[in-house]
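**Student:** could you look at this predicted model? Sequence included:
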Amino acid sequence: GAGVSQTPSNKVTEKGKYVELRCDPISGHTALYWYRQSLGQGPEFLIYFQGTGAADDSGLPNDRFFAVRPEGSVSTLKIQRTERGDSAVYLCASSRGQGEAQYFGPGTRLLVL
Amino acid sequence: GENVEQHPSTLSVQEGDSAVIKCTYSDSASNYFPWYKQELGKGPQLIIDIRSNVGEKKDQRIAVTLNKTAKHFSLHITETQPEDSAVYFCAASGGSSNTGKLIFGQGTTLQVKP
């Protein structure tokens, strides 16, 4: 079946611009996670959705980062006033429920110039 | 919060040899430990996982062992093949925060020489 998909695969933007990253989870998966991966590092947790609600946003680095999942399926990660330090691969994962196996998408590679 | 340490950072083996990667975790409440394989330019791929009520799990050439007392778990790959070359990450979850978020190790770059 279809896995987790993410768009765009690559995004280049200028410092100060706004970006949106999209995640389509596996059909039927109620849990959705966003992670950020810097070069040579393991993924770092950003935010977790159970259904439509953000159950844990403790990993968001600051208030420039925001994510939504209005219908409990597709999620969008939004970054305002991008900074060069935001450059990383943004990964999305979904699972059947909290604590279940997580399956990752291919990621969006964000480069802030 | 939870902290996961992974060793070694790089590992080079000859084709056919075994490879072992080790991880330690800090939160004794953690109860789920997956392993991911990540190839260049791709997302992490789940290869095996283990829960705290089990001490060992095997899937063909891959096995994972868990020692809850020592708070460490290991990935064992036997009869390595060149296509096993990738970065491997361990992770832990289910700790005090209990939201299912994964805390990852720093990764191990495995090179299998033909």
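**Tutor:** All right, it came through fine. Residues are numbered from 1 along each chain as shown, chains lettered A, B, ... in the order given.

**Student:** state the pLDDT value of residue 34.
**Tutor:** Just so you know, I chose chain A. pLDDT recorded at residue A:34 is 98.

**Student:** let me rephrase: I mean chain B.
**Tutor:** Confidence score, pLDDT, at residue B:34: 98.

**Student:** what do you get for residue B:97?
**Tutor:** So residue B:97 comes in at 68 (pLDDT).

**Student:** likewise residue A:1?
**Tutor:** 58.

**Student:** the one 4 residues further on too?
**Tutor:** Confidence at residue A:5, expressed as pLDDT, is 98.

**Student:** what does the lowest-mean-pLDDT helix or strand in chain A contact?
**Tutor:** Counting by mean pLDDT, DSSP states H and E, chain A has its least confident helix or strand at strand A:53-56, which shows a mean of 92. Strand A:53-56 is touched from outside by A:47, A:48, A:49, A:67, A:69, A:98, B:97, B:99, B:101, with contacts defined as CB atoms under 8 Å, 6 or more residues apart in numbering or on different chains. To be clear about C-beta, it is placed using only N, CA and C from the backbone, and glycine gets the same treatment.

**Student:** give me that answer again for 6 Å
**Tutor:** A:47, A:48, B:99 (CB atoms under 6 Å, 6 or more residues apart in numbering or on different chains).

**Student:** which one (most neighbours) among the residues you listed?
**Tutor:** residue A:48 (26 neighbours; other CB atoms under 10 Å in any protein chain shown).

**Student:** with adjacent residues omitted, what lies nearest to that residue?
**Tutor:** Excluding the flanking residues, the one nearest residue A:48 by CB to CB, 6 or more residues apart in numbering or on different chains is residue A:56, at 4.3 Å.

**Student:** number of residues surrounding the one you found?
**Tutor:** 19.

**Student:** mind checking how far the residue of chain B found nearest chain A is from residue A:43?
**Tutor:** Shortest chain B-to-chain A distance, computed as CB to the nearest CB: residue-wise this is residue B:104, at 3.1 Å. Distance of residue B:104 to residue A:43, computed by CB to CB, to the nearest Å: 5 Å.

**Student:** kindly report the same for residue B:109.
**Tutor:** Distance from residue B:109 to residue A:43, by CB to CB: 16 Å.

**Student:** quick one, which of the two is more surrounded?
**Tutor:** Neighbour comparison, residue B:109 and residue A:43: the larger count goes to residue A:43, with 28 against 15 (by other CB under 10 Å).

**Student:** skip the chain neighbours and tell me the closest residue to the more buried one.
**Tutor:** residue A:35 (3.8 Å).

**Student:** residues contacting the one you found?
**Tutor:** A:43, A:45, A:46, A:91.

**Student:** doesn't it belong to a strand?
**Tutor:** Yes - if the criterion is DSSP: H, G, I helix; E, B strand; the rest coil, then residue A:35 is within a strand.

**Student:** once you drop chain neighbours, what's closest to residue B:15?
**Tutor:** residue B:114 (5.1 Å).

**Student:** check residue A:5 too.
**Tutor:** residue A:24 (4.5 Å).

**Student:** repeat for residue B:75
**Tutor:** residue B:21 (4.6 Å).

**Student:** for the helix or strand containing the one you found, name the packing helices and strands.
**Tutor:** For residue B:21, the host element (DSSP states H and E) is strand B:19-25. Here strand B:19-25 touches strand B:4-7, strand B:72-77, strand B:86-92, going by 3 or more CB pairs under 6 Å, 6 or more residues apart in numbering or on different chains; DSSP states H and E.
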